[in-house]
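[1] No sequence on hand, only this structure:
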């Protein structure tokens, strides 16, 4: 735990680092105050939420170039809303659309993003088209749910495509598209991406070939049709649209 305190202290300062260290140590995960984040956030007492908290707020894995100020961000795989809160605090004038399929995750997400008027929360799974989906591994950890199509409209939940989001919200460009969607990236970058992918400035995707072969291949194959530069950052593949930046 002391190593966690020193990590928090280094990233968030002594006072806030000590506050979060003590809250985590005493298993209090409600109304956590984070430096640079406008409103407190809450999470569950599980390893997945703690890891996501550390990745987003401490390690800042979604930090953007300092000179870049986005006006439109799509957060695919919103989980409990940490990424949306991070972006909403950093870029209060940006429109942020966060999408999460799991009902329990989404309830926490809604509570975390509620104070931010620039965040739109959608309960759905990101897919290549609008259809019904089901979670195929319901016993998995809360940040590892995998979805698949179903023809049974009495179960599951809706999907939403990037194309339909663009059309519904009249988006001409997507400044940042973040996707951590647990293998759904294979479907998203195999079908129906030509209408929106050329209009993405920064694409941040975590690929999941360890769960489904071909995820990385689908992403790189689609992106290679356009003028993107590439950078690896931890588990994330980051693509910069050289035509728009």
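    Noted; the coordinates are in hand. As the structure is a prediction and not an experimental result, all values here were calculated from the model.
[2] what separates residue 234 from residue 180, distance-wise?
    12 Å (CB to CB, to the nearest Å). Quick note: C-beta positions are derived from backbone N, CA and C, even for glycine.
[3] and if you look at residue 239?
    Residue 239 sits 15 Å away from residue 180, going by CB to CB.
[4] distance between the ends of stretch 103-122?
    End-to-end span of stretch 103-122 (CA to CA, to the nearest Å): 11 Å.
[5] whoops, I mixed them up, stretch 61-72
    One end of stretch 61-72 sits 18 Å from the other (CA to CA).
[6] Tell me the buried residues in that stretch?
    Neighbour counts using 16 or more other CB atoms under 10 Å place 61-62, 64, 70, 72 of stretch 61-72 among the buried residues.
[7] Leaving out chain neighbours, which residue sits closest to residue 190?
    With CB to CB, 6 or more residues apart in numbering as the criterion, residue 190 has its nearest non-adjacent residue at 5.0 Å, and that residue is residue 218.
[8] hang on, that neighbour is in a strand, isn't it?
    No - judged by DSSP: H, G, I helix; E, B strand; the rest coil, residue 218 forms no part of a strand; its state is helix.
[9] I'd assumed residue 238 was in contact with residue 231.
    Yes - Residue 231 lies in contact with residue 238 (CB atoms under 8 Å); the separation is 4.6 Å.
[10] what's residue 117 sitting at in phi/psi?
    phi -80, psi -10 (degrees, to the nearest 10).
[11] Next, count neighbours for it.
    9 (other CB atoms under 10 Å).
[12] Okay, strands next: where are they in the protein?
    72-76, 95-100, 119-123, 125-127, 132-135, 147-149, 157-161, 174-179, 200-206, 228-233, 236-241 (DSSP state E).
[13] average pLDDT across the first one?
    The average pLDDT within strand 72-76 is 98.
[14] now do the last one
    Model confidence over strand 236-241, given as mean pLDDT, is 97.
[15] For it, which strands pair with it and how are they oriented?
    Paired neighbours of strand 236-241 in the sheet (DSSP bridges): strand 200-206 (antiparallel), strand 228-233 (antiparallel).
[16] So which bits of stretch 31-40 are buried?
    Neighbour-count burial for stretch 31-40 [16+ other CB under 10 Å]: 32, 34, 37.
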